[in-house]
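Trainee: Need coordinates for the below:
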Amino acid sequence: MSARETTTSRPILILQTGSASEAIQRKYGDYDRMFIRACGLEALEARRLVRRAHVERGERPDSPRFYAGVLVTGSDAMVTDRLPWSEAAAGWLRAALDAALPVFGVCYGHQLLAHALGGVVEDHPAGLELGTHEISLHPNAAREPLLDGIPSRCAANLFHAQTVAELPKGAESLAGSAHDPHQILRYGPMVWSTQFHPEFSGEVMADILTKEKAQGNPAAHRAEAADAPHARVILRRFVERIWLADGGKETLG
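Mentor: Alright, predicted model coming up:
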């Protein structure tokens, strides 16, 4: 990367809304590390072009205009609890969309974005969706460049008890599962979210199931874990698009 590209390319923000368990962190790192690996951001991180704001711990991001885009992580918290840090993050996301900042929300980030924009988040009436499950693209997904070449049915890793029950005005659902009809939402040309975890490898999912089984979670005994490479492609494409749009020239790792 040239000196000019280094100065004109803004950093990518990871808006961290929670932390993985200590056992998962010891083996794989926290959620931010999973996103960095999944997106191939190690080289940009070394150049200080990846920033973090762990909002659950009280950290606050800078103005949206300082970033090329934002990735919003999952959390053990519940959007419906409307915790102060969560409501502050929702307000920041509204400002980010007003500033046309590209956004990709995952799990809690998916629900938080919907809540921030006027949608309804509730406990899922069928309970927990856990493990590797098949998602199906809706017919309208054929128009979505981010999903180009993604099979109409593919695997995704999931761990959520709440759901986007009502979409915000203007949001479009692009994929669903047997459990949840809103697995991918699109809000505009550069704003998406997924209920599933594209940053989870099959190994991470398997270790989560092991932990949940040890805690007596019956859903974990019915679940399976596998890699979900097509889900990861969607996340990586988002990062590549925002990086190139913001003046980055090199290929991500």
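Trainee: give me the number of residues near residue 233?
Mentor: 18 (other Cβ atoms under 10 Å). Any C-beta I mention is one placed from the backbone N, CA and C, and that applies to glycine too.
Trainee: so it touches residue 151, yeah?
Mentor: No: using Cβ atoms under 8 Å, residue 233 is not in contact with residue 151, being 10.5 Å away.
Trainee: how about the strands in this structure?
Mentor: 12-16, 50-54, 69-72, 103-106, 120-123, 129-137, 153-160, 162-166, 172-177, 184-188, 191-194 (DSSP state E).
Trainee: Could you check the angle the lengthiest helix in the chain makes with strand 129-137?
Mentor: Longest helix of the chain, by residue count under DSSP state H: helix 229-245. Angle, helix 229-245 to strand 129-137, by axes from the mean of the first three to the mean of the last three Cα atoms, to 10 degrees: 70 degrees.
Trainee: List the contacts of helix 229-245.
Mentor: In this structure, residues lying in contact with helix 229-245 by Cβ atoms under 8 Å, 6 or more residues apart in numbering are 9, 12, 35, 38-41, 44, 68-69, 71, 102, 104, 106, 135, 146-147, 150-151, 154-157, 184, 190, 192, 194, 196-199, 252.
Trainee: Stretch 162-176 too?
Mentor: In contact with stretch 162-176 (Cβ under 8 Å, 6+ apart) are residues 78-80, 110-111, 114, 117-124, 135-138, 140-141, 144, 147, 180-188, 195.
Trainee: just the buried members of those residues?
Mentor: Buried members of the contacts of stretch 162-176, scored by 16 or more other Cβ atoms under 10 Å, are 79, 110-111, 114, 117, 119, 121, 124, 135, 137-138, 141, 144, 147, 180-187, 195.
Trainee: tell me the contacts of residue 147?
Mentor: 137, 141, 174, 175, 184, 234.
Trainee: Now render those residues as JSON lines, adding pLDDT.
Mentor: Conversion of the contacts of residue 147 to JSON lines gives the following (pLDDT from 0 to 100):
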{"residue": "137", "pLDDT": "98"}
{"residue": "141", "pLDDT": "97"}
{"residue": "174", "pLDDT": "98"}
{"residue": "175", "pLDDT": "98"}
{"residue": "184", "pLDDT": "98"}
{"residue": "234", "pLDDT": "97"}
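Trainee: can those go into TSV with extra columns for distance to residue 98?
Mentor: Below are the contacts of residue 147 laid out as TSV (distance: Cβ to Cβ, whole Å):
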residue	distance to residue 98
137	29
141	27
174	23
175	27
184	23
234	25
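Trainee: Among these, which one sits closest to residue 53?
Mentor: residue 234 (23.0 Å; Cβ to Cβ).
Trainee: Could you report the neighbour count for that closest one?
Mentor: Neighbour number of residue 234 under other Cβ under 10 Å is 23.
Trainee: Bridge partners for the residue nearest in space to the middle of the chain, pull those for me.
Mentor: Geometric centre of the chain, nearest residue: residue 106, 2.2 Å, by Cα atoms, centre = their mean. Beta-bridge partners of residue 106, counted by DSSP bridges, are residue 194.
Trainee: correct me, but it touches residue 39?
Mentor: No: taking Cβ under 8 Å as the definition, residue 106 is not a contact partner of residue 39, at 11.5 Å.
Trainee: Between those two, which contacts overlap?
Mentor: Here residue 106 and residue 39 have 71, 235 as joint contacts, going by Cβ under 8 Å, 6+ apart.
Trainee: who's in contact with the closest residue to residue 213 other than its chain neighbours?
Mentor: In this structure, residue 213 finds its nearest non-sequential neighbour in residue 220, 4.5 Å apart by Cβ to Cβ, 6 or more residues apart in numbering. By Cβ under 8 Å, 6+ apart, residue 220 lies in contact with 130, 131, 209, 210, 212, 213.
Trainee: what does residue 86 give?
Mentor: So residue 86 contacts 17, 55, 56, 77, 79, 112 (Cβ under 8 Å, 6+ apart).
Trainee: closest to residue 64 among those?
Mentor: For the contacts of residue 86, the nearest to residue 64 is residue 55 (13.9 Å; Cβ to Cβ).
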